[in-house]
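J.: Model the following, please.
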Amino acid sequence: GESEVNQAPITGESVPVFKTVGDEVFAGTINGEGALDVVTTKAANDTTLAQIIRMVGSAQSRRAPSEQWVEKFARVYTPVVMVLAIAVFLVPPLLHGAGWEVWFYRALVLLVIACPCALVISTPVTIVAALAGSAKQGVLVKGGVHLETPAKLKAIAMDKTGTLTEGRPRVVDVVPLVGRSEDDVLRVAAALEARSEHPIARAILAKAAERGLAAQPADAVQAITGRGMTGRISGREVWLGSRRYLDERKIGSPAVLDQADTLSGAGRTVVAVGDGEEVWGLIAVADAVRAEAKDIVTALHRAGVEKVVMLTGDNQATADAIAKQTGIDEVRAELLPGDKVTAVEDLVRRYGSVAMVGDGVNDAPAMGRASLGIAMGAMGSDAAIETADVALMSDDLSRLPWLVRHSRATLAVIRQNVAFSIAVKLLFTVLTVLGLASLWGAIAADVGASLLVVLNGLRLLNRDQGGPKAGPSVGTGSPASERHQPGMRPASAH
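T.: Numbers count the residues shown, from 1 in each chain. Purely as a prediction, here's the structure:
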């Protein structure tokens, strides 16, 4: 048989792909309107979908766990302090005949001031505050280790469909011919597509509705699978079809065909409309780029990310067109899920710390292999969200540069707290040995330092909550609860 198959779950392609006898059909893809007899050529555990599941597990197992510096420091610090306190108590009386009571008191003061309360509490309080601050921005981070990673990112890889783009086709251009108007072309196309559920049909109908064009459904409509359709409007035969349909029917002048090829070369799907042997016009359909995408790529560069890379299963021409619009540094197109993993591994070798942003099942293995996996939380698949370390619950890409800044602010606060805690300890240790510190002073300094590091960490709860700094056209940054979208999952699910 012949049909158009939606391969987005596997390859991420934005429009269905025509399949006929002899073509390979991936398990997990969705058939369109035509009836297909499909020959099974692989066992269930050898399908592309099964390979994706295995690659997710394999990619995650290769990631080295990160350990908190404070935990390693505390393992050395505590025994050293105990030995030092015993030395302060025993050495002066034994070697110099000093008073036992005086040096016992000083040893107690040293133990109190050396208590690592402020040091140990500084990191978890800061991390928890930073996680809560992220959640307020609609960014769910799965743990403190993943909150620290964005500060070190040197490259970010992004899927195209549903990430840089809206994930659904839209009419981006209408080219009228032979004296026809854009409305004439759209009206005929909408009449033919009125009863179709095809993604391109929905895009044409949406454009016609946007322009207020009311078209009665055409009569005697017949679909030509993978090519187009014919019908009648007011007794006149009309048709619409793909570039292939123009060749098969030998319709259109060389100039019209060249114009169609130019639109196709720009990464757009071309739909021709006409009656009889005359072409009324061309409609260009494409997966529309998110309005804020270009500003976000610029903001990521300003935030210190050296390379922004697009990884997509779509064709090269479409990928190049999207990259040109958004300012993407590097494009890798026509990738299967395994190819995306290979591409991410290459980026990790070149840049060290790499994030992968995606929304589909086909992105999950690459997200698992990256240093940081980021999923689109509202329209993302369960597999992508489950694999990811971070979920953008409102699908707002402006949160990416914000997350990089927030991560760096979190590390800065941790360093401030650790440095302050150690400085207070060292100061009172010296004062204690010199006999200038009291037990009450040590208690006040220890409690005071603990309170100060807690208050300093809590600043991250409301850091930069007024909105992003990526550019004037970037989203509002409201939490997911305030920007609910259809299909959004509750935060508790993640």
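J.: by contact count, what packs against the one helix or strand residue 120 maps to?
T.: Per DSSP states H and E: residue 120 is located in helix 117-136. Using 3 or more C-beta pairs under 8 Å, 6 or more residues apart in numbering; DSSP states H and E, the elements in contact with helix 117-136 are helix 69-96, strand 139-141, helix 144-148, helix 399-433, helix 439-458. Any C-beta I mention is one placed from the backbone N, CA and C, and that applies to glycine too.
J.: closest to residue 175 out of those?
T.: Proximity to residue 175, assessed across these by C-beta to C-beta, is greatest for helix 399-433 (35.4 Å).
J.: now the closest one, how far from the centre of its chain.
T.: For helix 399-433, the distance between its averaged C-alpha position and the chain's averaged C-alpha position is 29 Å (C-alpha atoms, centre = their mean, to the nearest Å).
J.: May I see the buried residues of it?
T.: Of the residues in helix 399-433, those buried by neighbour count under the rule 16 or more other C-beta atoms under 10 Å are 399-411, 413-414, 416-418, 420-422, 424-425, 428-429, 431-433.
J.: what ranges of the stretch 101-250 of the chain fall below the confidence cut-off?
T.: Applying pLDDT under 70 to the stretch 101-250 of the chain flags residues 226.
J.: now the helices: where do they sit in it?
T.: Under the criterion DSSP state H, counting those that start in this stretch, the stretch 101-250 of the chain contains helices at 117-136, 144-148, 182-193, 199-210, 243-249.
J.: Would you format those as a markdown table with distance to residue 91 included?
T.: Written out in a markdown table, the entries for the helices of the stretch 101-250 of the chain read as follows (distance: least, C-beta to C-beta, whole Å):
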| stretch | distance to residue 91 |
| --- | --- |
| helix 117-136 | 26 |
| helix 144-148 | 41 |
| helix 182-193 | 91 |
| helix 199-210 | 81 |
| helix 243-249 | 90 |
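J.: Would you tell me which of the helices and strands packed on helix 117-136 gets closest to residue 157?
T.: Of the helices and strands packed on helix 117-136, the one closest to residue 157 (C-beta to C-beta) turns out to be helix 399-433, at 12.0 Å.
J.: Distance from stretch 193-202 to the middle of the chain?
T.: Remark: stretch 193-202 is offset 29 Å from the chain centroid, using C-alpha atoms, centre = their mean.
J.: And residue 123, how far from residue 390?
T.: Taking C-beta to C-beta, to the nearest Å as the measure, residue 123 and residue 390 are separated by 20 Å.
J.: Pick out whichever of the two has more residues nearby.
T.: Taking residue 123 and residue 390 together and counting by other C-beta atoms under 10 Å, residue 390 has the greater number of neighbours (26 against 21).
J.: The more buried one touches residue 143, doesn't it?
T.: No. In this structure, residue 390 is not within contact of residue 143 by C-beta atoms under 8 Å, at 9.9 Å.
J.: strands paired with the helix or strand hosting residue 4, and their directions?
T.: Element membership for residue 4 (DSSP H and E) is strand 3-6. Based on DSSP bridges, the strands next to strand 3-6 in the sheet, each with its direction, are strand 17-19 (antiparallel), strand 30-31 (antiparallel).
J.: can you list the residues that contact that strand?
T.: 16-19, 25, 29-36, 198-199, 225-226 (C-beta atoms under 8 Å, 6 or more residues apart in numbering).
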